[in-house]
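[1] how does the following fold in three dimensions:
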Amino acid sequence: MNYELYYWPEIQGRGEYVRLALEEAGADYIDVARGPRGSGAMMKMMEVHKGTPPFAPPFLKAGKLVIGQTANILLYLGSRHALAPKTEAGKLWVHQLQLTITDFVVEIHDTHHPLGPSQYYEDQKAPAKKRTADFWDERVPKYLGYFEQLLDDTGGAYVTGRRLTYVDLSLFQIVAGLRYAFPRRMKAFEKKIPGLVGLHDRVAARPNIKAYLASERRIPFNEQGIFRRYRELDG
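    This is a model prediction of the structure:
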């Protein structure tokens, strides 16, 4: 099947978790807003008031289906491209883990915009510094410690054991993004999560992911995405 992915063309953002799954699967897809049709095609899709219109990107067009929300898209792709367990319980488990990652992504974003995205970062520097300190003292150990423990419990190369799932791809992106946004803090913290660091490296070495990361399809991290580098927030 040929997929159409709709997401902002300048950033990795929440769309990157879907891109990683499509790339690992070797799926045929078009990153629509990055092509000739541009963001206008994406906005037009969101203006359709019939069927199942998406609230916001990312969303995926698969045949006649239009699927919104990152975790929901990955739930769909996982079972169709061997990126999720085959059992119903297994599918629900990795979906639950992805929703936990989704919560964490919100908290990452809020380090630099704790008062909301409608205000410039420059107008909320003091709250951002306070939020970031709490994020690294309390939230990072809680979230990453949880996934580190899961890896330790399974004893496998990946979160659910020997087989890679879309959750592993998403955790790769989390580690890579935190390294970009908080290089000093993350370097100090990584000694506490050797399992996740190893997972990141194994995912990065997978042939399809390695080729993707070296291609122009991989948008570089930048200061418009979720992971933003502000020196004053990096300890």
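
[2] give me the distance from the lowest-mean-pLDDT helix or strand in the chain to the chain's centre.
    Within the chain, no helix or strand scores below helix 38-46, which has a mean of 85 by mean pLDDT, DSSP states H and E. On the basis of Cα atoms, centre = their mean, to the nearest Å, helix 38-46 sits 22 Å off its chain's mean C-alpha point.

[3] cool, stretch 18-35 as well?
    Relative to the chain's own centre, stretch 18-35 is displaced by 14 Å; criterion: Cα atoms, centre = their mean.

[4] can you dump the C-alpha coordinates of that stretch into PDB?
    The C-alpha trace of stretch 18-35 is given here as PDB (Å, rounded to 0.1, in the frame of the first residue of the first chain):
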ATOM      1  CA  VAL A  18       5.500   7.800  12.200                       C
ATOM      2  CA  ARG A  19       8.300   8.400   9.700                       C
ATOM      3  CA  LEU A  20      10.600   6.100  11.700                       C
ATOM      4  CA  ALA A  21       8.000   3.300  11.500                       C
ATOM      5  CA  LEU A  22       7.400   3.700   7.800                       C
ATOM      6  CA  GLU A  23      11.100   3.800   7.100                       C
ATOM      7  CA  GLU A  24      11.900   0.700   9.200                       C
ATOM      8  CA  ALA A  25       9.000  -1.100   7.500                       C
ATOM      9  CA  GLY A  26      10.400  -0.200   4.000                       C
ATOM     10  CA  ALA A  27       6.900   1.100   3.300                       C
ATOM     11  CA  ASP A  28       6.000   3.200   0.200                       C
ATOM     12  CA  TYR A  29       5.000   6.600   1.500                       C
ATOM     13  CA  ILE A  30       4.800  10.200   0.500                       C
ATOM     14  CA  ASP A  31       5.600  13.000   3.000                       C
ATOM     15  CA  VAL A  32       3.000  15.100   1.400                       C
ATOM     16  CA  ALA A  33       3.700  18.600   2.800                       C
ATOM     17  CA  ARG A  34       7.400  18.200   1.900                       C
ATOM     18  CA  GLY A  35       6.500  17.700  -1.800                       C
END
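
[5] what does that stretch rub up against?
    Residues outside stretch 18-35 that contact it (Cβ atoms under 8 Å, 6 or more residues apart in numbering) are 1-9, 12, 39, 41-42, 57-58, 60, 70, 73-74, 77-78, 81-83, 164, 166, 169-170, 172-173, 206, 208-209, 211-212, 217. From N, CA and C alone the C-beta is placed, and that goes for glycine too.

[6] okay, and which of those residues map to helices?
    39, 41-42, 70, 73-74, 77-78, 166, 169-170, 172-173, 208-209, 211-212 (DSSP state H).

[7] list only buried entries from these.
    39, 42, 70, 73-74, 77-78, 166, 169-170, 172-173, 209, 212 (16 or more other Cβ atoms under 10 Å).

[8] including distance to residue 130, could those residues go into JSON lines?
    Output for these, formatted as JSON lines (distance: Cβ to Cβ, whole Å):
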{"residue": "39", "distance to residue 130": "34"}
{"residue": "42", "distance to residue 130": "35"}
{"residue": "70", "distance to residue 130": "28"}
{"residue": "73", "distance to residue 130": "34"}
{"residue": "74", "distance to residue 130": "33"}
{"residue": "77", "distance to residue 130": "38"}
{"residue": "78", "distance to residue 130": "37"}
{"residue": "166", "distance to residue 130": "34"}
{"residue": "169", "distance to residue 130": "32"}
{"residue": "170", "distance to residue 130": "28"}
{"residue": "172", "distance to residue 130": "29"}
{"residue": "173", "distance to residue 130": "26"}
{"residue": "209", "distance to residue 130": "36"}
{"residue": "212", "distance to residue 130": "37"}
